[in-house]
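**Q** Curious how this folds, go ahead:
(chains A, B, C and D)
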There are 4 protein chains.
Amino acid sequence: MKAGIVGATGYGGMELFRILSTHPQISQIMLYSSSRAGEVYEEMFPRFAGGSRHELQDLDPEKMKEEQDVLFLAAPSGVSSELTPELLGGKAKIIDVSGDLRLRDPEAYQQWYKKPPAPVETLQEAVYGLPEWNSEAIRAAGVIANPGCYPTASLLGLGPVISENLADPSSIVIDAKSGVSGAGKNANPLTHFAHAQENFQIYKVNQHQHIPEIEQQLSVWSGDTRPVTFSTHLVPMTKGIMATIYVTLKEEKTAEELHSLFLKYYESKPFVRVRRPGEFPATKDVYGSNYCDIGVTVDPRTNRVTIVSVIDNLMKGAASQAVQNMNLLFQLDERTGLAPHPVYP
Amino acid sequence: MKAGIVGATGYGGMELFRILSTHPQISQIMLYSSSRAGEVYEEMFPRFAGGSRHELQDLDPEKMKEEQDVLFLAAPSGVSSELTPELLGGKAKIIDVSGDLRLRDPEAYQQWYKKPPAPVETLQEAVYGLPEWNSEAIRAAGVIANPGCYPTASLLGLGPVISENLADPSSIVIDAKSGVSGAGKNANPLTHFAHAQENFQIYKVNQHQHIPEIEQQLSVWSGDTRPVTFSTHLVPMTKGIMATIYVTLKEEKTAEELHSLFLKYYESKPFVRVRRPGEFPATKDVYGSNYCDIGVTVDPRTNRVTIVSVIDNLMKGAASQAVQNMNLLFQLDERTGLAPHPVYP
Amino acid sequence: MKAGIVGATGYGGMELFRILSTHPQISQIMLYSSSRAGEVYEEMFPRFAGGSRHELQDLDPEKMKEEQDVLFLAAPSGVSSELTPELLGGKAKIIDVSGDLRLRDPEAYQQWYKKPPAPVETLQEAVYGLPEWNSEAIRAAGVIANPGCYPTASLLGLGPVISENLADPSSIVIDAKSGVSGAGKNANPLTHFAHAQENFQIYKVNQHQHIPEIEQQLSVWSGDTRPVTFSTHLVPMTKGIMATIYVTLKEEKTAEELHSLFLKYYESKPFVRVRRPGEFPATKDVYGSNYCDIGVTVDPRTNRVTIVSVIDNLMKGAASQAVQNMNLLFQLDERTGLAPHPVYP
Amino acid sequence: MKAGIVGATGYGGMELFRILSTHPQISQIMLYSSSRAGEVYEEMFPRFAGGSRHELQDLDPEKMKEEQDVLFLAAPSGVSSELTPELLGGKAKIIDVSGDLRLRDPEAYQQWYKKPPAPVETLQEAVYGLPEWNSEAIRAAGVIANPGCYPTASLLGLGPVISENLADPSSIVIDAKSGVSGAGKNANPLTHFAHAQENFQIYKVNQHQHIPEIEQQLSVWSGDTRPVTFSTHLVPMTKGIMATIYVTLKEEKTAEELHSLFLKYYESKPFVRVRRPGEFPATKDVYGSNYCDIGVTVDPRTNRVTIVSVIDNLMKGAASQAVQNMNLLFQLDERTGLAPHPVYP
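**A** Sure thing, here's the model as predicted:
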């Protein structure tokens, strides 16, 4: 299979390149860039040297969609909404790692992203690529909207409880924390090392563009469209997300019952690991891997459930989940080419 | 004034020593240690060299309570509960930085700390040292129970809303994050650098001993004794606490109204700084200082308030708040000897 | 091929387990532990869960050496010196990741490691496993002494200059810096996060046990046995080593000439990458990989050469270099099973 | 005394502001900025709120030099070379924290800084403000060239050995490491948290503008003008410098003799602390303080001395040393207003 990456100079694109380089079904990787076409990737980033050279190609949608089997779009938001329509109808399947194709409602996109949305027909063709909950549709899709990093952690944590309608829908609070790479590769005062080190920052309170993405999927599960509370913080670390999720139960459950519920949904899912009752994961448990690790408990004093969900934001939150989706699109074992163990320490 | 410190080899005690060394009313500092008496502090910790030498003294309560004007107890929990009764009745006022004297209910102490509590009469004599809410009692006290780090951040954030009975009392969720120094100075696998770096960890879910301390003060304010949800996380940084607090309002309020409410309570308090509507503090804004910085907003979609409260866990969360209490105990300006600006970057 | 790991609960052993788990020629991994036999690795370390379970086996040298094709010894120093003799003579080839078999002179081992050395005949059988300089002997060996982390970075940096006898042998200064994982997994005050964070520490000045290992190989290359100056520092990061090496040239050379010299030795070596003149690597350029990246220049003002050599201390400095050696021992392409790209960011 | 700061929005200026705010002899601080005049400092940086407000003033040299007693110039290099001449001849003494006035040779400035130098007569008026070696001239000066961060650490480490002519002058190697704040406040790819974290980088090899500053002072001490080797590295921490210095002795000395030599020079200096033989400082030992801590030893195998010198780059390496110089300029105890203890942990 031949794969193309648009946006290979960003963090997500770099990780895609790294993973695809050892994927057993990928015979060729083509990198595209409008601004830096002609440059050699391994010279721009000597850390990638040592193997074959990749010259960045100009964006030519007509050619790309016929020459590649799969195209990963890992550019900043606003690119895919324009580019995807031009890439449809060819041989290539599309996996969009940006936020452009995730919201089915174009107005919501406009409102939260402050940018013009993709055409409605493109949005309708896109399948939300959360493999643990949507694998059937993914296998049949031509265009995948790869989930956001925060939504991946949040939704995998909430899925069992919301699907079973156990929670008071107005009670959902998601307190999410991310490593600084989540803020992207562009240097700015907030991500300056001397500012971010020894600093814990909150940002975009009630305004993060991942809020409608989470709410959209929750309403698919529960039919309920009530809003959630979702907060995002910057942790002085490079990678990793933890979503600490609080929901109040409609009826009492024990920690063991909740644990069994999560096992019911995830025991057969290779990339979601549920911790034993009383145990909780840390972000380093999934560093450099495609895993989402989850711990769950309930406080009998308040009947409030605490769900802890961790991922590597650039892997399960972006690049490796995109490859998991690619595996499904091409009817491969979803684990193909994905590392079975995180890097530690 | 002469000051003594018990537990000067721990993190809290070191910061106390540092602050008291430049306090204009302190003429002498005596350091006590049962295990290391006879050793010289500046030789154990060459970072403190350069001024006078302090030889660690044996613990001799009878002598201590007469020779010192103020005694800071900064030993691990379990020490003050036994030591404080022996220190009463002398000249020295007592400021206990451990958790031993904070809970008025001895059974709650036993339950959450898993240790025998202090005698009831000692607990009754202790005044909870949260200066922004309790300065009158503090000024008249002989024994201060210096608040815990998490409770300081949490309670200063919740005070205005709970005092005014604006919140649904069953809705309170406190998602707290602390730098690793909060786990104390003893080396263990969780605080090993190679484990804690690039790692975000949750611990003691629903079991942290600061929960009853928070609930006790909330019930003082509201009369309501319902439990709260309180989670604690370890951030890969040395110092700093952020408490992200969620409460649902009984009635609608705007962000501006909430801001005004917080100003009403804190405008005259030199160590609590309320951010403008829409702005939130980060932990580095208070690094090395006695400030608690607070931001507050409300999401009109959910009518849920988000309060963000940050402190330096070893300063306002321990040592500098203890000195603030000392200032009040001795009728000094509460700012005496406390740095007006945090260290940055 | 079947592989066994002794010491799989340490940092080096964990990385070995991770790498071997995806090595295409390894069909089975057996983990040995005298103290924790019977426990299940994936339950001790849930981060490794998700695949097959590995029960820790008791150390039984007679059985091990017949059942396994290759045995990795990744225990602390002092274990291999006793264990290796018992493992000889069977089917298994031995790769010792500790320092026990590196020094050919038992007295030097005793002096620098303060422990009894391995038997002379065992030391004589061990081949020093620096593949870029010793691949022929490695391919023919039965026992490999895998190089230390600091020596790997230092020797790969010095090799070309010393082999060609370009340097004043009394001028060599190696200023080495390592991430904290190099200090091992045991928690102690120096590796406590709150101490090591925002701290740059020097340790074992002129006393590090890697000094004789470096000098031994230099004397192999040059015939000169003069001592070097070698310093080690702890960097507040988890992984990575940089050796900044200074040598004075006997005769003038330009930066370009030095660059050509390094290319001559390393152009054909897949895991050593020489930077263009004027460019220098950073430790993150090799994070999670088996690469050693090298930059070299000369200051015409002093005729002193600066060589910068970086590795991942747990990979090229331990586990992945051990697998590279295994590949050579079994006549595989030395890149087999080793990631072609580092993890970034 | 009234103090003015030019460049108060940079890291050095912020620390100056913080220190001067509690200096007992400073009654007023005026902040100057050409680009942001009219803005209020405490609103730009809410972390400084809580006390009086400071409105940034336009740069008006004629007024500044008469209204202030002391002016600190903490702008980037290139500003002071133009501004200082206009500030001469008034009431105010000048302390320049930039590199503009440090090199007595204008051509050297042009060569290393790539900018036009200050007028020769201005350079001649400037006294090099290394208080431990130059206090007499400082006390009599009108203009101080505050030393660079790396030169401060390097020169305090080398001073005793070079002054006594003990070293082979061609043998000096200074391997220096700095926290990221040394690279300044402007965001760029090298200081992006996700790049700098878990990364150890070398930069400006043989090209750092602090090289001629170090060599200039060494030649003052020894009369020898031979060049040194000086390397600079970026450590993933915010603050702190360690200079590891290597020199070969002309004649043999023991570690104890060297220790005595350093004591001879520094015992009476309040801000240089010499460690006992065999002990070495870490950067955190001086965090937030004006100390330079030094350890020294010799390797009898090579007759090479290792000197380890640490400072806080923004304090002794910039702001607090500037205040130490101010104290000397105004005949105050040099410790006035400077914290006696570093912040720990």
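**Q** Could you tell me which residues of the stretch 51-200 of chain A lie near chain D?
**A** Residues of the stretch 51-200 of chain A lying close to chain D (C-beta under 8 Å from any C-beta of the partner chain) are A:179-181, A:183, A:185, A:187-189, A:191-194, A:196-198. Backbone N, C-alpha and C define where each C-beta goes, glycine included.
**Q** Out of the residues you listed, name the ones that lie in strands.
**A** residue A:179 (DSSP state E).
**Q** So how do I select the buried members of the residues of the stretch 51-200 of chain A next to chain D in ChimeraX?
**A** Per 16 or more other C-beta atoms under 10 Å in any protein chain shown, the buried members of those correspond to this ChimeraX selection:
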select /A:179,180,181,183,185,187,191,192,193,194,196,197,198
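**Q** For the residues of the stretch 51-200 of chain A next to chain D, name the two members farthest from one another.
**A** A:185 and A:198 (22.0 Å; C-beta to C-beta).
**Q** that older thread, quick one: which of the residues of the stretch 51-200 of chain A next to chain D is nearest residue B:250?
**A** residue A:183 (36.3 Å).
**Q** show me the contacts for that closest one.
**A** Listed by C-beta atoms under 8 Å, 6 or more residues apart in numbering or on different chains, the contact set of residue A:183 reads A:190, A:191, A:234, D:194.
**Q** Swap in 7 Å and give it another go.
**A** By C-beta atoms under 7 Å, 6 or more residues apart in numbering or on different chains, the contact set of residue A:183 is A:190, A:191, A:234.
**Q** Just put these in a markdown table and tack on pLDDT and distance to residue A:306.
**A** Putting the contacts of residue A:183 into a markdown table (pLDDT from 0 to 100; distance: C-beta to C-beta, whole Å) gives the following:
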| residue | pLDDT | distance to residue A:306 |
| --- | --- | --- |
| A:190 | 94 | 29 |
| A:191 | 96 | 30 |
| A:234 | 98 | 22 |
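**Q** Can I get those residues in JSON lines including distance to residue B:138?
**A** Shown next, in JSON lines, are these (distance: C-beta to C-beta, whole Å):
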{"residue": "A:190", "distance to residue B:138": "38"}
{"residue": "A:191", "distance to residue B:138": "42"}
{"residue": "A:234", "distance to residue B:138": "36"}
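**Q** give me the residue from the stretch 1-150 of chain A nearest chain D.
**A** residue A:11 (7.1 Å; C-beta to the nearest C-beta).
**Q** per-residue pLDDT, residue A:34?
**A** As predicted, residue A:34 sits at a pLDDT of 85.
**Q** how far away is it from residue A:58?
**A** 7 Å (C-beta to C-beta, to the nearest Å).
**Q** got it, and residue A:148?
**A** 28 Å.
**Q** do residue A:304 as well
**A** From residue A:304 to residue A:58 the distance is 54 Å (C-beta to C-beta).
**Q** name the element the most far-flung residue of chain A relative to its centre belongs to?
**A** Of all residues in chain A, residue A:301 has its C-alpha farthest from the mean position, at 34.2 Å, by C-alpha atoms, centre = their mean. Under DSSP states H and E, no helix or strand contains residue A:301.
**Q** wouldn't it be in contact with residue B:227 here?
**A** Yes - counting by C-beta atoms under 7 Å, residue A:301 does reach residue B:227; the two are 4.2 Å apart.
**Q** Please determine whether the longest helix anywhere in chain A lies in contact with chain C.
**A** Longest helix in chain A, counting residues (DSSP state H): helix A:149-163. No - Helix A:149-163 is not in contact with chain C by C-beta under 7 Å from any C-beta of the partner chain; minimum separation 14.2 Å.
**Q** Could you list the buried residues of that helix?
**A** In helix A:149-163, counting by 16+ other C-beta under 10 Å, buried: A:149-162.
**Q** got TSV for the residues you listed, with pLDDT too?
**A** Formatted as TSV, these follow (pLDDT from 0 to 100):
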residue	pLDDT
A:149	98
A:150	98
A:151	98
A:152	98
A:153	98
A:154	98
A:155	98
A:156	98
A:157	98
A:158	98
A:159	98
A:160	98
A:161	98
A:162	98
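**Q** Of these, which are in range of chain B?
**A** Within the buried residues of helix A:149-163, nothing lies near chain B by C-beta under 7 Å from any C-beta.
**Q** and the residues you listed as a markdown table, adding distance to residue C:88?
**A** Below are those laid out as a markdown table (distance: C-beta to C-beta, whole Å):
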| residue | distance to residue C:88 |
| --- | --- |
| A:149 | 51 |
| A:150 | 55 |
| A:151 | 56 |
| A:152 | 51 |
| A:153 | 50 |
| A:154 | 55 |
| A:155 | 55 |
| A:156 | 50 |
| A:157 | 52 |
| A:158 | 57 |
| A:159 | 55 |
| A:160 | 54 |
| A:161 | 58 |
| A:162 | 60 |
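**Q** nearest to residue C:115, of those?
**A** residue A:153 (47.0 Å).
**Q** quick one: contacts for the closest residue to residue A:244 other than its chain neighbours?
**A** Counting by C-beta to C-beta, 6 or more residues apart in numbering or on different chains, residue A:175 is the residue found nearest to residue A:244 once chain neighbours are left out, at 4.7 Å. Residue A:175 is in contact with A:231, A:244, B:175, B:244, counting by C-beta under 7 Å, 6+ apart.
**Q** What is the neighbour count of the residue nearest to residue A:33 when sequence neighbours are not counted?
**A** In this structure, residue A:33 finds its nearest non-sequential neighbour in residue A:56, 4.3 Å apart by C-beta to C-beta, 6+ apart. For residue A:56, the count of nearby residues is 21 (other C-beta atoms under 10 Å in any protein chain shown).
**Q** Check residue A:121 too.
**A** 9.
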